[in-house]
Structure formats: C-alpha cells, structure tokens
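Student: sequence below, structure please.
(one chain, ligands or ions: 1)
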Amino acid sequence: AGANSAAERDVAHVLHPYTDHKAHRAKGPLIITGGKGVRVTDQNGREYIETVAGLWCAALGFNNERLVQAAADQMRKLPFYHAFTGRSHLPLIELAEMLVERAPVPMSKAFFANSGSEANDTALKMVWYMNNALGRPQKKKVISRIGGYHGVTIASASLTGLPVNHKLFDLPIAGILHTSRPHHYHHALPGESEEDFATRLASELEAMIVAEGPDTVAAFFAEPIMGAGGVIVPPATYFEKIQAVLRKYDVLLVADEVICGFGRTGNYWGSQTMGMQPDILTCAKALSSSYLPISAVLVNERVYEAMSEGASQIGTWGHGYTYSGHPVAAAVAVETLKIYDEMDIAAHAAEVGAVMQKRLRERVASHPLVGEVRGVGLIGAVELVEDKAEHRNFDPARKIAPRLVGIAENHGLILRALPNDSIAFSPPQIITAAEVEEMVERFGHALDDLSAQLKR
Ligand code: PLP
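Tutor: Numbering: from 1, shown residues only. The predicted structure follows:
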C-alpha cells in the first residue's frame, strides 16, 4: 500500500461508527468495493459470503438491477418532494398502501423516516402525543428489554438495553425502564421449563407496571426476536403472556420489526412468528433491501384516531423529517416489496432458513466451544462458551468472538460478533440452500482454526 492507499486515507479521515478508533488506526479497514448476490468483494478482489447481509439488511443481496432501475427512474421523474402539511407524491402513497396491506395485524396508516432509530423515536413520540390527546399526559413511561436494540438516537438508545449505548451517555432518559431479556439458556432458574420461565418474566413485567403505577406506563417496545442483543428467541408462549399483562394495564405494544420484518424469521413479519399483535410496528433495513435509507412506522386505527383528534385539542403533532417518505427511497422500497411478493420471500426464508438452522446445529452444536445454537428461519446465532456444562462465557477481555471474526475472513466469510461471544447469522434473504451449506462449512473451518489456536 502506497502513501495514498485507500486504507491510509480511511484512517486519516473517516470517523467510523461503533469502532475502537485506536485499534482501527493500527489495523485499518476492510474495504469493500463490490458485491454479487450474497457475496461482497474487497479492494484486493477477495470474495466473502456476507453472513449478516451487511447489517442484517441487504435482503436482496448486493447487485439487484431492478432496484437500481427503480431509483434511476424515480430520480428522473421527481428526485425530491416532501410530505409535510398536505403535500404528497406517488411513491409515498403506493408504499404506504403496500405496507398497510401487508401488515401482520390490521393497521391504519404508515409514517416514514430514514432509519430504524428514527422510526422508534417516532413511535415513542406518537405514544406520548396520543396519551396527551387522550387527556392522560402522565401515561408516558415506556418499558423495553435488557439486550433489546432499538437504535442510537437519545430516545431510541434509551430504549436499547445494552450497556455500551447507555453507560457513557447518561442514558436511559427518565421514564424508560428495562425488564429482563427472555434468554432461557442463561437466565432460567435450575430446572425451570421454557413455559415457567415465560410465566416468570410476564409476572416480573406486571410487578414493574404495578410498582410504577399502571396509569404512568404507556408502551412496551420489543423486537420479536432480539437481534443485536444476541439473536434471542423467546419461549413460545412469552409474547402471549406478556401481551395479557399489557392489555390488562392498557399498555401499547410496539413491535420493532427492523430486523425481523420481510421474511427474516420465516414469516413475512417476526410478529407472526412470535404471536405478537402490535399497536405500532416499526421497520427499516430490508424495507428497501437497504439500497437507500428508509424506515416506516405503522399505526393501528386506535392510535391514528387519537392522534388525529389530538390536533384540534392539543395542537399539531410536531414531528417529521425532511426526508420522510423520500420519493427515490420510497420507489426503491415499492420495487423491493414487489420482488418479495414475486419470490414469496417468507416461504423462501422458511425453507432455506430450515436448512440453515439444521446445518448450523449439525456442524457446530457439539463443538467444544459452542454453548448454544439458536434461531429461527434466516436468523440465528452460535454462542461460544468456555464451559459448556455451566453455560459460562469466556472473559470478554479475551475477545474470543472478535478473534473468530478475524479468522473467518481468511475463510471468505464476513461474520458479526454480538454480546456474550455470540456470532450472528442473518444472510441476505435470497440465499440458496447450496450457499447456506457453503457458509456453514466455511464457518465450521473457522471455528476449528479458533480451537486450534486456543489449544496452543
Ligand atoms: N431496531 C433494530 C431491531 C435494529 O436492529 C436496529 C439496527 O440495527 C435499529 C432499530 C436501529 O436502526 P438504524 O441503525 O437504522 O437506526
């Protein structure tokens, strides 16, 4: 690499998200220059299978020509218009219509933003506004889960339940509380069944609502399956029990479908897989296969009614982004949803996802370093442990999972490490069974290399 190599220019000028800056200066970036299907290529021409679709998002892979065409066409027709104060445009209308039609439960309206974080911020401001409109402004506390991931803006980072997003930022903000994460493998009591574990978590939630005062608790935010917090699939009856508590105290359910939406879990929505009936649903990422930034918030009639009544009583809902429903992003999302229909994305993900779940278990579940293999459909995780019997993780300071991520690059695999040394699997939804086999095989070899290194 010469004085002006891209790696050096990166280190000189780019401030990277979620990065240890000092380590980055020493190691430099992996620079991706192209992609095809589920694979990406670095600047040296090396190819990698993208096991997490970038950031759980490039559902149609890395070279879908129809999305390119949809963007170019819309750029020529109308590159920008907005949706404030009664203005509208056709991509916005078509996308809202398509989302409402595809919603897992009856929904009334769709609002647009540019990221998952903004969608969740928006959902929170809808809940607050709604309760103001209903004349109960004190009902504004929100409960989410430890390990949940909802974004990084001040409010969405507060909803997120990970220490890295809280501790150095004086978060969460007041009124955002966290209840336990439904991970049976780590948090069940000795001998406790999944069923009993779910019952206990629902009781814990109820106790929290009662202690706070039910008239002060407005909403519960949850991903159907926690993603960034470790791919935590809750017990089968968890959401049924949680929702019984929420209904009892008139607490809204907000489903964060930013990762689970659009076939990821083997149904069109994660809410369907986990039996959730949300009042509000947020989505992003695969909404446009991430070719352009766009997110959406769907609300049911009850929420919309309260919000539309609100304006006359308490003033306009003062919220919206310049790029809410950006026409080019919306046109790409519309084309994305059409492609999902044509390929029957949920059926495809269920079928290939079953292969992924099975092959991951066959290849690595009995591996001495593997504590748990979990997931459903095309989302999964392999958790590495120091003590298999005790379910005990390695000392985080040893950075075992990040080390595996490094080794995997040599096997042509881009991996993502999550908390508790868990490795995520969330490949583009277009992945084939043969590509799943190849991905799992490469992962198995990387894991064998890691064990060999640890024995040395
Ligand atoms: N919600 C979930 C479930 C996510 O996984 C993410 C991002 O990974 C977000 C929200 C935040 O989305 P964004 O990074 O687009 O702000």
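Student: run a quick neighbour tally on the closest residue to the ligand within the stretch 351-456 of the chain.
Tutor: When scored by Cβ to the nearest ligand atom, the stretch 351-456 of the chain has Ser426 as its residue closest to the ligand, at 9.7 Å. C-beta coordinates here come from the backbone N, C-alpha and C atoms, glycine included. Using other Cβ atoms under 10 Å, Ser426 has 28 other residues around it.
Student: gap between the residue nearest to it when sequence neighbours are not counted and Gly28?
Tutor: Of all residues beyond its chain neighbours, the one nearest Ser426 is Trp56 (4.4 Å), with distances taken as Cβ to Cβ, 6 or more residues apart in numbering. With the distance defined as Cβ to Cβ, to the nearest Å, Trp56 ends up 25 Å from Gly28.
Student: so between those two, which is more surrounded?
Tutor: The residue with more neighbours, out of Trp56 and Gly28, is Trp56; 25 against 14, by other Cβ under 10 Å.
Student: so what's the more buried one up against?
Tutor: Residues in contact with Trp56 (Cβ atoms under 8 Å, 6 or more residues apart in numbering) are Gly227, Ile259, Arg264, Lys285, Ile379, Ala424, Ser426.
Student: pull the most distant pair out of those.
Tutor: Using Cβ to Cβ, the contacts of Trp56 span at most 13.5 Å, a distance reached by Lys285 and Ala424.
Student: with neighbour numbers in mind, choose between these two.
Tutor: Under the criterion of other Cβ under 10 Å, the comparison of Lys285 against Ala424 puts Lys285 first, with 28 against 24.
Student: report how many residues lie close to the closest residue in space to the more buried one that isn't next to it in sequence.
Tutor: Counting by Cβ to Cβ, 6+ apart, Cys57 is the residue found nearest to Lys285 once chain neighbours are left out, at 3.6 Å. Look at Cys57: counted by other Cβ under 10 Å, it has 22 neighbours.
Student: just Lys388 next, same as before
Tutor: Applying other Cβ under 10 Å, we find 14 residues neighbouring Lys388.
Student: so what's the residue nearest to it when sequence neighbours are not counted up against?
Tutor: Once flanking residues are discounted, Lys388 sits nearest to Gly371: 5.9 Å by Cβ to Cβ, 6+ apart. By Cβ under 8 Å, 6+ apart, the contact list for Gly371 reads Tyr185, Glu383, Leu384, Val385, Lys388, His391, Asn393.
Student: quick one: which two of those residues are the most distant?
Tutor: The span of the contacts of Gly371, defined through Cβ to Cβ, is set by Tyr185 and Leu384 at 12.7 Å.
Student: tell me which of the two has more neighbours.
Tutor: Looking at Tyr185 and Leu384 with other Cβ under 10 Å, you find the greater number of neighbours at Leu384, namely 24 against 14.
Student: so the more buried one touches Leu418, yeah?
Tutor: No - using Cβ atoms under 8 Å, Leu384 makes no contact with Leu418, being 10.7 Å away.
Student: picking that back up, possible to save the contacts of Gly371 as TSV with distance to the ligand and secondary structure?
Tutor: Putting the contacts of Gly371 into TSV (distance: Cβ to the nearest ligand atom, whole Å; DSSP: H, G, I helix; E, B strand; the rest coil) gives the following:
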residue	distance to the ligand	secondary structure
Tyr185	20	helix
Glu383	18	strand
Leu384	21	strand
Val385	24	coil
Lys388	29	coil
His391	25	coil
Asn393	22	coil
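Student: closest one to Gln453 out of the residues you listed, please.
Tutor: Using Cβ to Cβ, Leu384 comes nearest to Gln453 of the contacts of Gly371, at 12.8 Å.
Student: that closest one and Phe443: what is the separation?
Tutor: In terms of Cβ to Cβ, Leu384 sits 12 Å off from Phe443.
Student: for Val14, same thing?
Tutor: Between Val14 and Phe443 the distance, using Cβ to Cβ, works out to 29 Å.
Student: more neighbours, those two?
Tutor: Phe443 (24 against 11).
Student: sorry, back to before: mind pulling up the pLDDT for the residue nearest to Lys285?
Tutor: For Cys57, the pLDDT comes out at 98.
Student: does it really touch Ser289, like I thought?
Tutor: Yes - between Cys57 and Ser289 there is a contact at 7.4 Å, judged by Cβ under 8 Å.
Student: ends of stretch 246-257, what's the gap?
Tutor: One end of stretch 246-257 sits 19 Å from the other (Cα to Cα, to the nearest Å).
Student: now what about it, what contacts it?
Tutor: Applying Cβ under 8 Å, 6+ apart, the contact partners of stretch 246-257 are 104, 116, 120, 123, 127, 143, 148, 150, 206, 209, 214, 217-224, 243, 245, 269-271, 276-283, 303.
Student: near the ligand at all, it?
Tutor: Yes - using Cβ under 6 Å from any ligand atom, stretch 246-257 reaches the ligand at Asp256.
Student: go through that stretch and flag the buried ones.
Tutor: Buried residues in stretch 246-257, counted by 16 or more other Cβ atoms under 10 Å: Leu246, Tyr249, Val251, Leu252, Leu253, Val254, Ala255, Asp256, Glu257.
Student: can you list residues touching both of Leu384 and Phe443?
Tutor: Common contacts of Leu384 and Phe443 (Cβ under 8 Å, 6+ apart): Ile423.
Student: where does Val334 fall, secondary structure wise?
Tutor: helix 327-343 (DSSP states H and E).
Student: give me the residue from the chain nearest the ligand.
Tutor: Closest approach between the chain and the ligand, counting by Cβ to the nearest ligand atom: Gly116, at 2.3 Å.
Student: my read is that that residue contacts Gly151, right?
Tutor: Yes - using Cβ under 8 Å, Gly116 is in contact with Gly151, at 5.3 Å.
Student: could you dump the contacts of Gly371 into a markdown table and include pLDDT?
Tutor: Shown next, in a markdown table, are the contacts of Gly371 (pLDDT from 0 to 100):
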| residue | pLDDT |
| --- | --- |
| Tyr185 | 98 |
| Glu383 | 98 |
| Leu384 | 98 |
| Val385 | 98 |
| Lys388 | 96 |
| His391 | 97 |
| Asn393 | 98 |
